[in-house]
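Trainee: sequence isn't available, so here's the structure alone:
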């Protein structure tokens, strides 16, 4: 299965600990299993996605930092990942790129322009945005066709969603009017908890955003996988979490929501 044009999906939430990186890595593998050509982009200076996919951030010759600084084209810095999506990795120097971009004209469009080098080579670009609402996250939203927001169903979750949606509104107004909101994805979810269900219902009704299914269950398997440099789809293939991510990937493909959007604004 291939798309005729490359689509870009950003996964973002400025609140940490919501399984954002796990979602990018797991969906990336699930899409590859479905025959899609996928590249993930680690846009977090903590380089958690890079580590989770089996690369040592301290041993990289090239990374997304070099791409954003204009030193090399994106394809040059992409690394192959066995049995998974390709990766445009990150390392701590990305902090320097963030500072550089803050003072640059057209800073919101740097990632979008850089990723055009990958168009045609991949069906899907998956961006792991950092847990912040700074210039790197704005770059991710500006570059994306679609946005997915992982949300842990806890009391303060709606505050993070509200702040991110305000940023989305600004991005739509200024840099990417066609950014499509796929919805919120419940993660670390305990369906037996009335509190979890109530928080999720509140987010949906308060902000009018779709709730993606299936919810991703809480499991120790997710914490174990990064140490092996793999995802839960490899380390615990038949676990409920792995099954949930595969089902989510299948639904996104089947529903056609991952097609590129826009009217030539890119």
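Mentor: Nice, thanks for sending it over. Here the structure is a predicted model, which means the values were calculated and not measured.
Trainee: confirm residue 150 sits in a helix?
Mentor: No: read with DSSP: H, G, I helix; E, B strand; the rest coil, residue 150 is strand and lies in no helix.
Trainee: going by neighbour count, which residues of stretch 44-57 are buried?
Mentor: 44-55, 57 (16 or more other Cβ atoms under 10 Å). For every residue, glycine as well, the C-beta is placed using N, CA and C.
Trainee: just those residues now: which is nearest residue 148?
Mentor: residue 49 (14.6 Å; Cβ to Cβ).
Trainee: which residues touch the closest one?
Mentor: 21, 24, 25, 40, 42, 87, 89, 90, 128 (Cβ atoms under 8 Å, 6 or more residues apart in numbering).
Trainee: please repeat the previous calculation with a cut-off of 7 Å.
Mentor: 21, 24, 25, 40, 42, 128 (Cβ atoms under 7 Å, 6 or more residues apart in numbering).
Trainee: regarding it, what is its secondary structure?
Mentor: Under three-state DSSP, residue 49 comes out as helix.
Trainee: so where is the protein shaky, pLDDT-wise?
Mentor: Residue ranges of the chain with pLDDT under 70: 1-4, 155-156, 219, 221, 223-229, 257, 259, 261-266.
Trainee: in it, what residue spans correspond to helices?
Mentor: 20-33, 48-52, 64-68, 74-77, 94-102, 110-115, 135-143, 157-174, 194-207, 220-224, 232-235, 240-254 (DSSP state H).
Trainee: just the buried residues of the fifth one, please?
Mentor: The reference is to helix 94-102. Those would be 94, 97, 98, 100, 101, for helix 94-102 by 16+ other Cβ under 10 Å.
Trainee: the inter-axis angle of that helix versus helix 135-143?
Mentor: 70 degrees (axes from the mean of the first three to the mean of the last three Cα atoms, to 10 degrees).
Trainee: got a list of contacts for helix 94-102?
Mentor: Against helix 94-102 from outside (Cβ under 7 Å, 6+ apart): 45, 64, 65, 68, 69, 107, 110, 134, 135, 136.
Trainee: name the member of those with the most neighbours.
Mentor: residue 64 (30 neighbours; other Cβ atoms under 10 Å).
Trainee: that older thread, turn the buried residues of stretch 44-57 into JSON lines, including distance to residue 16.
Mentor: Shown next, in JSON lines, are the buried residues of stretch 44-57 (distance: Cβ to Cβ, whole Å):
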{"residue": "44", "distance to residue 16": "10"}
{"residue": "45", "distance to residue 16": "13"}
{"residue": "46", "distance to residue 16": "9"}
{"residue": "47", "distance to residue 16": "14"}
{"residue": "48", "distance to residue 16": "10"}
{"residue": "49", "distance to residue 16": "14"}
{"residue": "50", "distance to residue 16": "17"}
{"residue": "51", "distance to residue 16": "15"}
{"residue": "52", "distance to residue 16": "15"}
{"residue": "53", "distance to residue 16": "19"}
{"residue": "54", "distance to residue 16": "22"}
{"residue": "55", "distance to residue 16": "21"}
{"residue": "57", "distance to residue 16": "18"}
